[in-house]
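Chemist: Predicted model and sequence follow; I will ask about them next.
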Amino acid sequence: MRGCRSHRTLILLASLVAPAAIAGEGPYLGLEAAATFARPQTLQQAGSEFGRVRFDTGYLGGLVFGSTTRIGLRPELELSFRSSDVDRFTDASGVSSTSPARLDAYGALFNLWYEARARDGALSFVHPYLGVGVGGVRLQFRDTDFAGVDSGDDGRTLLAYQGGAGIGFDATDFVTVGLDYRYFQSNRGKFRLDESDGRVSARYQAHTIGASVRFSFAGSEYRHARVVRPQPVAVAPPRAYVPPVDTDGDGVPDELDRCSGTPPGFKVDLEGCIVQQSVVLQAVDFEPGSDRLTAQAKATLDSVAAALNGQSGLTVEIGGYTDSKGNALANLRLSERRARAVLEYLVTRRVPRASLRAKGYGQARPIADNATEEGRAQNRRVEFQVLNTPPTVKVIERKAPNKPKRTR
């Protein structure tokens, strides 16, 4: 049992060193873990020695709340739990025996640390510190069977104090990891450790070596090592510059733009009218085996609709295609339904129905090898073909990009 407890202590220490803590000034929340080395205790009863207790290496876990100040003082409230198994009990006659007992200590202390800080050099991120603490501790003997009698548990709340020193390392602007040593001691209290009505007086004394981390609630602007330099004050110009308004983003201000609402990516002349238009074939996907458009396909078609609405006079054919898998007639009908679904969606986006045509081609006109899955994915497509080309429009056709693997 004791071996497992020591193993858990090492795991707890390793896990608490990894989290982050704050390096700046201001309030913080911290975690601590340590190995405790309780000193042997002489138990007294009615002024005489009752026995002597030796402890195994124990452990400590704690939670702290405090604040780092500019002058280096660090007030802190510490809530901790210590536990040490009894290694051996020696009675007044010198007879030794093992015992399953342990001593638990629940502490609440107010600590005051002084931490060395500087704006430059090593002390800007490495901070030695020392300090003291005072408060209360609840000592609880568990599973005692001293003198061969099992008396259960007994506890007392006592005054406790500690002193220690350590060193902190700023891991980030918000992180401090500490390594320290502390000596902890309580006043004596009287406990019932055997079947008699007499009380046994005992105290707790322990050396502690451990690690801590602190998390700050302040921003990085409070970091003590940071040098804040005054910023130059900009002189306001006599008259604020107001950029010209270009609603459609074609590079021609609205006051000079004769052709408003130009879709993004189109070249325009000095008066904002299209001199060249590129019509790109878009990949439009459907749910498997159906003519229902996917959400991504609808987003693609929204941009197509904007381009068609921005250029009047175009007549466009929407062609639907499938790969060669499956029945040719079924594929033809599926491609027709998909082309019609695209047309109907564009109409809902205010594209004139009279300027659109829909036609299904099924397995015809493959643009890639149907023998491979990649080729079949490219052949499952929807193409837009301009049937009449206005003199100001240049048509550029591209193959649809690859789509996720699926059939039909």
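Modeler: That came through fine. Numbers count the residues shown, from 1 in each chain.
Chemist: Quick check: residue 329 is in a helix.
Modeler: Yes - Residue 329 forms part of a helix when assessed by DSSP: H, G, I helix; E, B strand; the rest coil.
Chemist: shift numbering so it begins at 49
Modeler: With the count now opening at 49, the last piece we talked about shows up as residue 377.
Chemist: List the neighbouring strands of the helix or strand encompassing residue 181 plus their orientation.
Modeler: Following DSSP states H and E, the helix or strand that holds residue 181 is strand 174-192. Looking at strand 174-192 with DSSP bridges, its partner strands are strand 150-163 (antiparallel), strand 200-220 (antiparallel).
Chemist: Could you identify which of those strands is most buried?
Modeler: Burial of these is given as mean neighbour count (mean count of other C-beta atoms under 10 Å); strand 150-163 ranks first at a mean of 19. Every C-beta, even on glycine, is put in place using the N, C-alpha and C of the backbone.
Chemist: Give me the mean pLDDT for that strand.
Modeler: Per-residue pLDDT values across strand 150-163 average out to 92.
Chemist: Work out the gap between that strand and the centre of the chain.
Modeler: Chain-centre distance of strand 150-163: 31 Å, with C-alpha atoms, centre = their mean, to the nearest Å.
Chemist: circling back to that earlier point, how about JSON lines for the strands paired with strand 174-192, with distance to residue 139 added?
Modeler: What follows is the strands paired with strand 174-192, written out as JSON lines (distance: least, C-beta to C-beta, whole Å):
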{"stretch": "strand 150-163", "distance to residue 139": "18"}
{"stretch": "strand 200-220", "distance to residue 139": "18"}
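Chemist: Any idea which of those strands gets closest to residue 336?
Modeler: Shortest distance between residue 336 and the strands paired with strand 174-192, using C-beta to C-beta, is found for strand 200-220: 48.5 Å.
Chemist: Let's see the closest one as PDB, backbone CA atoms only.
Modeler: The C-alpha trace of strand 200-220 is given here as PDB (Å, rounded to 0.1, in the frame of the first residue of the first chain):
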ATOM      1  CA  GLY A 200     -10.300   4.200  15.400                       C
ATOM      2  CA  ASP A 201      -9.900   7.900  14.500                       C
ATOM      3  CA  ASP A 202      -9.400  11.000  16.500                       C
ATOM      4  CA  GLY A 203      -8.600  14.600  15.400                       C
ATOM      5  CA  ARG A 204      -7.900  18.100  16.700                       C
ATOM      6  CA  THR A 205      -7.600  21.600  15.100                       C
ATOM      7  CA  LEU A 206      -4.400  23.300  16.100                       C
ATOM      8  CA  LEU A 207      -2.300  26.400  15.300                       C
ATOM      9  CA  ALA A 208       0.300  25.800  12.600                       C
ATOM     10  CA  TYR A 209       3.100  27.700  11.000                       C
ATOM     11  CA  GLN A 210       5.700  27.300   8.300                       C
ATOM     12  CA  GLY A 211       8.700  28.900   6.600                       C
ATOM     13  CA  GLY A 212      10.400  28.200   3.400                       C
ATOM     14  CA  ALA A 213      12.200  29.300   0.300                       C
ATOM     15  CA  GLY A 214      12.200  28.500  -3.400                       C
ATOM     16  CA  ILE A 215      12.600  29.700  -6.900                       C
ATOM     17  CA  GLY A 216      10.100  30.500  -9.700                       C
ATOM     18  CA  PHE A 217      10.600  30.300 -13.400                       C
ATOM     19  CA  ASP A 218       8.400  32.400 -15.900                       C
ATOM     20  CA  ALA A 219       7.500  29.900 -18.600                       C
ATOM     21  CA  THR A 220       5.400  32.400 -20.500                       C
END
